[in-house]
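>>> got a predicted structure here, sequence first:
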Amino acid sequence: EVQLVESGGGLVQAGGSLRLSCAASGFAFDDYAIGWFRRAPGKEREVVSCISRRFGRTYYAGSAKGRFTSSSDNAKSTVWLQMSSLKPEDTAVYFCAAARSALCGNDMDYWGKGTLVTVSS
């Protein structure tokens, strides 16, 4: 059974930091692009970062560049999203997802259930 389980969300003050984790199982983790997505209240889901195995690099949304860092450990089948300098507009449910394709998009193969991040002003 494929599972993606996020953790690490919570309430943080603006300017603070959080590290999200996503534990994967049931598929060949190091063959899949791994993305972090978020859905803010009243907004569409958007990609935050994407680890591309095929291209050997990590991509970030403009809103995440310089503040968020995604990393992974293939041996642990785990991916992290380190978030710093958090802003109230980062408040969202954060999801990790995996795709057999080269990059991340809305048609990911597997999705976690999400973890809520709330940034207070």
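Thanks, I have the structure now. Residues are numbered from 1 along each chain as shown.
>>> how about stretch 54-70: buried residues?
Using 16 or more other Cβ atoms under 10 Å as the test for burial, stretch 54-70 gives 58, 59, 60, 64, 68, 69, 70. Just so you know, the C-beta spots here come from the backbone N, C-alpha and C atoms, and that holds for glycine as well.
>>> sheet-wise, list the partners of the helix or strand encompassing the first one with their directions.
It refers to residue 58. Using DSSP states H and E, residue 58 maps to strand 57-60. Paired strands of strand 57-60, with direction, are strand 45-52 (antiparallel) (DSSP bridges).
>>> can you tell me the average pLDDT over the partner strand?
Averaging pLDDT along strand 45-52 yields 96.
>>> ditto for stretch 3-23
With pLDDT averaged residue by residue, stretch 3-23 scores 98.
>>> what lies in contact with it?
24-26, 34, 36, 76-88, 93-98, 110-121 (Cβ atoms under 8 Å, 6 or more residues apart in numbering).
>>> contacts only, for the residue positioned nearest the centre of the chain.
For the chain, the residue nearest the mean C-alpha position is residue 36 (2.1 Å; Cα atoms, centre = their mean). Residues near residue 36 by Cβ under 8 Å, 6+ apart: 20, 22, 47-50, 68, 70, 79, 81, 94-97.
>>> farthest pair within those residues?
68 and 97 (15.7 Å; Cβ to Cβ).
>>> follow-up on the earlier one: now the residue nearest to the centre of the chain. Nearest residue, chain neighbours left out?
residue 48 (4.3 Å; Cβ to Cβ, 6 or more residues apart in numbering).
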